[in-house]
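> Let's see this in three dimensions:
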Amino acid sequence: MAAKKVEALEERLDGEVGNMKSEFGERISAIKGRFSNLEEMMKKMIATLVKMPPEVAESTALEVKE
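Predicted coordinates for the structure are as follows:
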């Protein structure tokens, strides 16, 4: 009888661990997507600043820092 209880607990634990792995995987995937979007936005901002004349880019950078 004790062996059956242990087996039932093991099965339940395996299910819970599987659910946690799945949930963490989904969350990590979502975070990676957010960082990817942030990276693309930063690349676009840098490209825009590089295309600007130095005086404009410098004044824009100072405005952002303040």
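> what mean pLDDT does stretch 39-49 have?
What stretch 39-49 shows for mean pLDDT is 89.
> Stretch 4-20 too?
This predicted structure assigns stretch 4-20 an average pLDDT of 94.
> Report the buried residues of it.
Within stretch 4-20, no residue is scored as buried using 16 or more other Cβ atoms under 10 Å. Using the backbone N, CA and C atoms, a C-beta is placed for each residue, glycine as well.
> now it, how far from the chain's geometric center?
How far stretch 4-20 lies from its chain's middle: 29 Å, per Cα atoms, centre = their mean, to the nearest Å.
> before we move on, what about stretch 9-29?
With Cα atoms, centre = their mean as the basis, the distance from the averaged C-alpha position of stretch 9-29 to the chain average is 19 Å.
> In PDB, list the C-alpha atoms belonging to stretch 35-52.
Presented in PDB, the C-alpha positions along stretch 35-52 are these (Å, rounded to 0.1, in the frame of the first residue of the first chain):
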ATOM      1  CA  PHE A  35      14.700  41.400 -26.000                       C
ATOM      2  CA  SER A  36      14.700  40.800 -29.800                       C
ATOM      3  CA  ASN A  37      12.200  43.600 -30.200                       C
ATOM      4  CA  LEU A  38      14.200  45.900 -28.000                       C
ATOM      5  CA  GLU A  39      17.400  45.100 -29.900                       C
ATOM      6  CA  GLU A  40      15.700  46.000 -33.200                       C
ATOM      7  CA  MET A  41      14.400  49.300 -31.800                       C
ATOM      8  CA  MET A  42      17.900  50.200 -30.600                       C
ATOM      9  CA  LYS A  43      19.400  49.300 -33.900                       C
ATOM     10  CA  LYS A  44      17.000  51.600 -35.700                       C
ATOM     11  CA  MET A  45      17.700  54.400 -33.200                       C
ATOM     12  CA  ILE A  46      21.400  54.100 -33.600                       C
ATOM     13  CA  ALA A  47      21.100  54.000 -37.400                       C
ATOM     14  CA  THR A  48      19.000  57.200 -37.200                       C
ATOM     15  CA  LEU A  49      21.600  58.900 -35.000                       C
ATOM     16  CA  VAL A  50      24.400  57.900 -37.300                       C
ATOM     17  CA  LYS A  51      22.600  59.400 -40.300                       C
ATOM     18  CA  MET A  52      22.200  62.800 -38.500                       C
END
